[in-house]
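1. Okay, here's the prediction I keep looking at, along with the sequence it came from:
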Amino acid sequence: MLIPVTDPKDPRLAPFMNVRDRDLQRSHGNAFIAEGESVLAVFLSEGARFRPEALLIADNRVETALAWSPPEDLPIFVAEQTLMDAVVGFPIHRGLLGLGRRMPSAPLADLLADRPRVVVGLVGIANHDNMGGIFRNTAAFGAGAVVLDATSCDPLYRKAIRVSVGGVLRVPFTRLDADKGVTNALTGLGYRVLALSPRGAMRLDEVPTDRPVALLLGTEGPGLPDAEMAGAETVRIDMAGGFDSLNVATTSGIALYELTRRMIAGH
């Protein structure tokens with residue numbers, strides 16, 4: 001459904017208007033915007049958890065969009081680059097935007113009904129780059145799900161989706177209510193919760209593989225709250241002497257590689 005558009009005020013383009021402001025104000029309700037070639041390739045793939053409702057593309061990106069074999073009933077609005085920039089509110093050099101709709105958070109027990117061997121728990125992750133990086137690593141290493149506390153930032157923020165290279169659109173996730181702790185929720189479902197700490201009692205390669213594990217990550221600087229740490233087993237990534245700090249997204253990549261490798265191999 002290639003639909004040429006020539007008027008930046010076309011009401012059909014309303015969800016795409018002033019994308020940057022809508023990121024900040026959340027005035028677009030339950031909609032989210034996915035941006036760029038790599039992200040839309042995931043968005044339109046069979047593994048995506050969200051179905052796109054529409055695309056807005058520059059007229060020189062039509063072949064790219066059609067190469068993804070989009071559903072025949074998917075509206076694809078095609079605009080000249082200058083008109084697309086006017087709609088979006090800034091120069092959108094990638095020329096590819098997708099519109100999706102959020103879904104209600106699944107109950108935690110339903111999310112983990114298949115008992116994935118490795119999941120990720122996030123507490124207080126406030127930086128969208130880190131959020132996107134963690135989801136990218138979660139998708140890359142095959143962890144089964146992400147569980148967010150109520151204070152973590154929005155995984156469906158446009159920048160988080162972009163940094164995740166579409167991982168946010170593929171990995172199942174849910175957000176807990178404000179009165180629910182991630183550690184307690186996951187231990188209650190039989191998970192061994194592993195809190196990363198420079199002073200962790202156990203090395204990462206010493207984690208037992210007898211039951212599913214949840215990798216618990218907190219914001220950089222303050223780290224994980226004491227209430228979350230109290231019910232978890234502490235794990236460390238050994239580093240060179242005199243240095244004990246890693247970016248949280250980097251930490252997730254190292255830990256997920258090791259945990260998924262060992263949990264799948266069973267040793």
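-> Structure received.

2. Got the domain ranges for this structure?
-> Per the record, the chain has its domains at 2-101, 108-265, by automatic domain parsing.

3. can you list the ones you listed in CSV and add mean neighbour count and mean pLDDT?
-> Quick note: C-beta positions are derived from backbone N, CA and C, even for glycine. Converted to CSV, these look like this (neighbours: other Cβ atoms under 10 Å; pLDDT from 0 to 100):
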stretch, mean neighbour count, mean pLDDT
domain 2-101, 17, 90
domain 108-265, 19, 93
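
4. Please name every helix or strand in contact with the strand or helix carrying Leu122.
-> Taking DSSP states H and E as the definition, one finds Leu122 inside strand 118-123. The criterion is 3 or more Cβ pairs under 8 Å, 6 or more residues apart in numbering; DSSP states H and E, and the helices and strands that strand 118-123 contacts are helix 128-140, strand 146-148, helix 182-187, strand 213-218, helix 248-265.

5. Using TSV, lay out these together with distance to Lys159.
-> Compiled in TSV, these are given as follows (distance: least, Cβ to Cβ, whole Å):
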stretch	distance to Lys159
helix 128-140	5
strand 146-148	16
helix 182-187	23
strand 213-218	19
helix 248-265	13
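
6. Which one, of these, ends up nearest to Val19?
-> Judged by Cβ to Cβ, the one of these that comes nearest to Val19 is helix 128-140, at 14.4 Å.

7. related to what we said a few turns ago, can you tell me the strand partners of the strand holding Leu122 and which way each runs?
-> Based on DSSP bridges, the strands next to strand 118-123 in the sheet, each with its direction, are strand 146-148 (parallel), strand 213-218 (parallel).

8. Could you export that strand as CSV, keeping only the C-alpha atoms?
-> Taking Å, rounded to 0.1, in the frame of the first residue of the first chain, the C-alpha atoms of strand 118-123 are listed here in CSV:
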residue,chain,number,x,y,z
VAL,A,118,18.5,-16.9,31.6
VAL,A,119,16.5,-13.6,32.1
VAL,A,120,17.5,-10.1,32.9
GLY,A,121,16.2,-7.9,35.7
LEU,A,122,16.7,-4.1,35.6
VAL,A,123,16.5,-1.7,38.5
